[in-house]
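K.L.:
Model the following, please.
(one chain, ligands or ions: 3)
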Amino acid sequence: MITDLTGVRDGLDVLHPAAGEPGENPTLDGLARSAPVLPGAASCEDLDRAFGKARDAGCAVIVHPDVDGIVGLVERSRFEAMMSGPYGYGRSLYGRRRLADIAQWDALTLPPSTDVVAASSRAITRDPHHVQDHVLVQGADGVCVVPMPVLLSALARALAGQALRDPLTGLANRHAFFGRVGESCRRSATQPGHRTAVVYFDLDGFKQVNDTLGHDRGDALLQEVAAALTEAARPSDLVARLGGDEFAVCLDLDTSPVAGRGVDVTAIAGRMHAAVAAISRADGVHQRVRISAGVAVSADGCIDPGELVRAADLAMYTGKRDGGDHVTGPVVVTTSADADPMMDTTVADAIARGEFRLLFQPIVQLADGRLGSVEALVRWQHPRLGFLTPDAFLPATARAGQLTELDDWVLHTSAQQFADWRRVVGGDAERVALNVNVSTDRLLTPGLLGVMEAAVAAAGLEPAIVRVEVPESLLVDQLAAAVGPLAELRAAGFKVTFDDVGAGGTSLRHLRDVRADGLKIDRSYVQGITGDDRDRAVVRLLVDFADSAGLAVTAEGVETEEQRQALLAMGCRYAQGWLFARPAPLTSLGTRFPAP
Ligand code: C2E
Ligand code: MG
Ligand code: MG
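P.N.:
Numbers count the residues shown, from 1 in each chain. Ligands and ions are numbered 1, 2, ... in the order given. This is a model prediction of the structure:
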């Protein structure tokens, strides 16, 4: 007689869904399956028949005949061995025995809410004599079972997942992310039309959230960002937190003709950016969340996954330098040998194709924010590598010996664009100056003065409003050679400004030995001014030196109001940085800044 005490379904062996994603630690509830349940008073023949009906059942649950709430276990394999042996007489020997006499009453019995890690640890730390093939799960509505292989494979998934998951956000961690990018790059190398894309994210000003609102709020924000990115990603994309406030997404792209135009990774990155920007910050700050993103996509061939991630990181960083809060890229990453921007072109060809662009960044008077000057900064819209900032192509251009040509183009073009802008804006714009960067190569190559004079003449500008920025490193490496060309420029009426002072190891003696009109304090010192006593001391020293030497002093890389206040208090006159404006086409500057 079979008494179905628990109302256990007859179909048996129903594997409950929700066995869990890797990395989650599901409970036994999600793994348990039903098994025949028989009273202890039933016989082995009863169980034999029950197993006959329940073909997939690996065990049976036996209810203790005398003690309420106690259940035991009969493993099917052992039961069948007993019933068929010895010498085929098992059934007649054991058929009438009570199940209570053969059940294992020491079976591990756990509540359904026990998690997989805890349950496995209970199961595998038992005395070897008491290890069974099933764990019993006893809940309010009956008893189910979990086979050990099912439990252990869930354990493996949970542990593997924990090793690959960021505990704060539940996203994939750095290790998992690089694994996935590697796998995807391998596919790109072997599968026509497949591309790997990486979008790298970094929150703007996250340190401030932590510092002013506390780490709990910081953690909560990271979780919200994780959720927003996941929501905006496609189900097949892997969203990861790489550490701190850095996130990254790996996307598999299909660019084969079959897939049509393919997926627009910039659109996806833009969607993710917008999702983060839409997070409402209920923290009284009333600012939307700002995040910078960089996109890199693999080209044909074998791409180093590390390089792809670095390229996305660099693109992100470039965007951050230009003010942040936007998506930069996509940068196309080719095999290492192809990464050289000068590999298949020359500066002259790129100029002819119109690939160089100029952005201009305001230099303002600290006291009243009036526009003192604009600095021309070059960019390259590279046909193969995407939109490049100077860090990405100036070294290669210098190695190719073509920096002079590029600088000459910048001198001519910036003078022209600047003159056009002045004409359109009119009035006080007459008093705004133009800063141009000139490389050491250009300065030491004969002919600079002629080029500059031709540039200002063609644009109809006076030399006195053009300030030539020369790298500070020039003074250290080439002091003697530079003195002549610099003096020539000044004699012709141009102004000379030392750029990035402090970054290249100049001493005050170098600055004293060369006549100039201005100096720009490197942003590494400016950015340390509010937190680091030594940075503050260097800035003060340079401001005082410039003051006594009659040099106009500009602080570079001013990003915060505190930095502006500190510089003002030290007597610094001019500043440049994101706090005022990021580099942009001159036409977009409009009349946002009143001229002096
Ligand atoms: P630089 O002359 O010191 O230009 C200032 C750099 O600081 C620019 O980088 C600008 O985007 C960045 N910047 C401005 N404000 C901030 C800020 O608040 N925070 C931060 N973190 N960064 C800020 P960019 O445009 O990438 O230029 C890098 C360097 O490349 C320039 O440094 C300059 O040395 C060189 N360069 C740029 N254009 C030319 C050019 O036409 N010819 C030559 N020879 N060199 C150039
Ligand atoms: Mg400069
Ligand atoms: Mg500079």
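K.L.:
Around residue 90, count how many other residues there are.
P.N.:
17 (other C-beta atoms under 10 Å). Where C-beta positions appear, they are placed from N, C-alpha and C, glycine not excepted.
K.L.:
do residue 542 as well
P.N.:
Neighbourhood size, residue 542 [other C-beta under 10 Å]: 24.
K.L.:
and the residue of the stretch 251-400 of the chain nearest ligand 3?
P.N.:
In the stretch 251-400 of the chain, the residue that lies nearest ligand 3 is residue 375 (8.1 Å; C-beta to the ion).
K.L.:
Can you tell me the element that residue falls in?
P.N.:
strand 371-382 (DSSP states H and E).
K.L.:
And residue 306, by the same measure?
P.N.:
Going by DSSP H and E, residue 306 is in helix 305-321.
K.L.:
So for that helix, what gets flagged as buried?
P.N.:
305, 307-309, 311-321 (16 or more other C-beta atoms under 10 Å).
K.L.:
quick one: contacts of the helix or strand hosting residue 545?
P.N.:
Following DSSP H and E, one finds residue 545 within helix 533-549. Helix 533-549 is contacted by residues 501-502, 508, 511-512, 518-519, 521, 524-530, 551-553, 555, 566-567, 570-572 when judged by C-beta atoms under 8 Å, 6 or more residues apart in numbering.
K.L.:
Centre of the chain to that helix, how far?
P.N.:
Counting by C-alpha atoms, centre = their mean, to the nearest Å, helix 533-549 is centred 36 Å from the centre of its parent chain.
K.L.:
Describe which strands the next helix or strand after it pairs with in its sheet and in which direction.
P.N.:
Note on helix 533-549: by DSSP H and E, the next helix or strand toward the C-terminus is strand 552-555. Applying DSSP bridges, strand 552-555 is found paired with strand 518-521 (parallel), strand 574-575 (parallel).
K.L.:
pLDDT averaged over strand 552-555, what's the number?
P.N.:
When pLDDT is averaged along strand 552-555, the result is 97.
K.L.:
The helix or strand that comes right after that strand vs ligand 1: in contact?
P.N.:
Downstream of strand 552-555, the next assigned helix or strand under DSSP H and E is helix 561-570. No - between helix 561-570 and ligand 1, judged by C-beta under 6 Å from any ligand atom, nothing touches; the nearest distance is 9.0 Å.
K.L.:
tell me the mean pLDDT for helix 561-570?
P.N.:
96.
K.L.:
Distance from the chain centre to that helix, please.
P.N.:
With C-alpha atoms, centre = their mean, you get 32 Å for helix 561-570.
K.L.:
could I have that helix exported to PDB, CA atoms only?
P.N.:
The C-alpha trace of helix 561-570 is given here as PDB (Å, rounded to 0.1, in the frame of the first residue of the first chain):
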ATOM      1  CA  GLU A 561      35.900  76.300  -8.400                       C
ATOM      2  CA  GLU A 562      38.200  75.600  -5.400                       C
ATOM      3  CA  GLN A 563      41.200  75.500  -7.700                       C
ATOM      4  CA  ARG A 564      40.100  78.800  -9.300                       C
ATOM      5  CA  GLN A 565      39.800  80.400  -5.800                       C
ATOM      6  CA  ALA A 566      43.200  79.100  -4.700                       C
ATOM      7  CA  LEU A 567      44.900  80.400  -7.800                       C
ATOM      8  CA  LEU A 568      43.100  83.800  -7.500                       C
ATOM      9  CA  ALA A 569      44.300  84.100  -3.900                       C
ATOM     10  CA  MET A 570      47.900  83.500  -5.100                       C
END
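K.L.:
I'd like to know which elements it is packed against.
P.N.:
helix 533-549 (3 or more C-beta pairs under 8 Å, 6 or more residues apart in numbering; DSSP states H and E).
K.L.:
Quick check: mean pLDDT of the helix it packs on?
P.N.:
The average pLDDT for helix 533-549 rounds to 92.
K.L.:
Ok, stretch 215-227 next?
P.N.:
94.
K.L.:
same deal with stretch 76-84?
P.N.:
So the average pLDDT for stretch 76-84 ends up being 91.
K.L.:
and if you look at stretch 134-154?
P.N.:
What stretch 134-154 shows for mean pLDDT is 94.
K.L.:
List the buried residues in it.
P.N.:
Applying 16+ other C-beta under 10 Å to stretch 134-154 flags 134-138, 142-148, 150-151, 154 as buried.
K.L.:
Among these, which lie within helices?
P.N.:
The helices, defined by DSSP state H, take in 148, 150-151, 154 from those.
K.L.:
Tell me which residues touch the nearest residue to residue 249 once chain neighbours are set aside, please.
P.N.:
Closest residue to residue 249 apart from its sequence neighbours, by C-beta to C-beta, 6 or more residues apart in numbering: residue 199 at 4.5 Å. For residue 199, the contacting residues are 248-249, 251, 265, 268-269, 272, 293-295, 312, 327, by C-beta under 8 Å, 6+ apart.
K.L.:
Closest residue of the stretch 451-596 of the chain to ligand 1?
P.N.:
Residue of the stretch 451-596 of the chain nearest ligand 1, by C-beta to the nearest ligand atom: residue 577 (3.1 Å).
K.L.:
Touching, that residue and residue 561? I think so.
P.N.:
No - look at residue 577 against residue 561 with C-beta atoms under 8 Å: they stay out of range, at 11.2 Å.
K.L.:
Would you mind listing the residues in contact with the residue of the stretch 451-596 of the chain closest to ligand 1?
P.N.:
523, 526, 555-559, 563.
K.L.:
Quick check: which ranges of the stretch 151-300 of the chain have low pLDDT?
P.N.:
256-263, 281-286 (pLDDT under 70).
K.L.:
For the helix holding residue 545, buried residues please.
P.N.:
Neighbour-count burial for helix 533-549, counted by 16+ other C-beta under 10 Å, picks out 535-536, 538-540, 542-543, 545-546.
K.L.:
Tabulate the CA atom coordinates of it in CSV.
P.N.:
Extracted in CSV, the C-alpha atoms of helix 533-549 (Å, rounded to 0.1, in the frame of the first residue of the first chain):
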residue,chain,number,x,y,z
ASP,A,533,51.1,71.3,0.0
ARG,A,534,54.1,70.8,-2.3
ASP,A,535,52.0,71.4,-5.4
ARG,A,536,50.7,74.5,-3.9
ALA,A,537,54.2,75.7,-3.1
VAL,A,538,55.4,75.0,-6.7
VAL,A,539,52.4,77.0,-8.1
ARG,A,540,53.0,79.9,-5.7
LEU,A,541,56.7,79.9,-6.6
LEU,A,542,56.0,80.0,-10.3
VAL,A,543,53.4,82.7,-9.9
ASP,A,544,55.8,84.8,-7.9
PHE,A,545,58.6,84.2,-10.3
ALA,A,546,56.5,85.1,-13.3
ASP,A,547,55.3,88.2,-11.5
SER,A,548,58.8,89.5,-10.8
ALA,A,549,60.1,88.5,-14.2
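K.L.:
tell me the angle it makes with helix 561-570.
P.N.:
40 degrees (axes from the mean of the first three to the mean of the last three C-alpha atoms, to 10 degrees).
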